[in-house]
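Novice: need a 3D model of the following:
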Amino acid sequence: MIVTKSRYEIELMREAGKVVAACHAALADFIKPGVTTAQIDQFVESFLLRHRMEPAQKGYKGYPFATCTSVNDVVCHGFPGSYRLKDGDIITVDMVALHKGLHADSAWSYAVGEISPEACHLLQVTERALYIGIEQAVIGNHISDIGHAIQTYVEAEGLSVVRDFIGHGIGRRMHESPEVLHYGPPHKGPRIRKGMVFTIEPMVNIGTYEVTIDDDGWTARTADGSLSTQYEHTIAVTDNGPEILTRL
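Specialist: Next comes the predicted model:
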């Protein structure tokens, strides 16, 4: 069942989302060659706690960290650890803040130092794909219109959209209905209604869209070792169109 959110609930999610957005903005200066993914995780956890937000990923289904830090061929759910970023890497940092019982979720990808032209193209296309999807999140459209728009754009750019991981409703639980695919035909699935809140979070690969899972049971990688990026916002559906809750 899709649970629409009240104005009060959306306001709390907006407050959480602004903290998440501020953390991502701070990370843009923090992320550089020589920084470890564990230091990024510590930075995010401290930032959220200082702003009276709970890092909701920590402990979720046994996940042991406040963030997912996904480097290069890691699609999502990468474990923070001793890996030290180097010039030319790309990294996605995914975080969820919990505020007075409501969640806000956003992932962002970052270039580490000077990156290759193909990596730069991947970042640009994935970010643009996110906003193309958001444009479809209007009252009366179908949920699948979001994914169709994303897939059409990404594949026209010569890249592929991951199938195994999708966007989701969000609110008092981190993952709620509806499922938001980033691919597929248009005009399918539930109609979009005022008060829906969900994430749009395309993961885009240079090579195949297929993924493998590491022995840790979490870390997803591209099956062919190609680069992957992800951009994610939490959005609320309003009479005036989609409102991005995870931005300043």
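
Novice: from the chain's centre, how far out does the longest helix along the chain sit?
Specialist: Looking across the chain with DSSP state H, the single longest helix is helix 7-30. Offset of helix 7-30 from its chain centre (Cα atoms, centre = their mean, to the nearest Å): 13 Å.

Novice: buried set for that helix?
Specialist: Under the neighbour-count criterion of 16 or more other Cβ atoms under 10 Å, helix 7-30 has 9-10, 12-21, 23-24, 27 buried. From N, CA and C alone the C-beta is placed, and that goes for glycine too.

Novice: and the gap between G167 and V44?
Specialist: The gap separating G167 from V44 is 21 Å, by Cβ to Cβ, to the nearest Å.

Novice: swap in A111?
Specialist: Per Cβ to Cβ, A111 is found 18 Å from V44.

Novice: neighbour-wise, which of those two wins?
Specialist: V44 (27 against 18; other Cβ atoms under 10 Å).

Novice: how many other residues sit next to the closest residue to that one other than its chain neighbours?
Specialist: Among residues not flanking V44 along the chain, T67 sits closest, at 4.9 Å (Cβ to Cβ, 6 or more residues apart in numbering). Each residue near T67 was counted by other Cβ under 10 Å, and the total is 29.

Novice: renumber starting at 410 from here on
Specialist: With 410 as the first residue, the last one maps to T476.

Novice: surely T476 and P489 touch.
Specialist: Yes: with contact defined as Cβ atoms under 8 Å, T476 reaches P489; the gap is 6.2 Å.

Novice: what is in contact with the two at once?
Specialist: Common neighbours of T476 and P489 (criterion: Cβ atoms under 8 Å, 6 or more residues apart in numbering): 449-450.

Novice: what sits against the residue lying closest to V521 once chain neighbours are set aside?
Specialist: With Cβ to Cβ, 6+ apart as the criterion, V521 has its nearest non-adjacent residue at 4.0 Å, and that residue is D498. Shown in contact with D498 (Cβ under 8 Å, 6+ apart): 442, 480-481, 521-522, 524.
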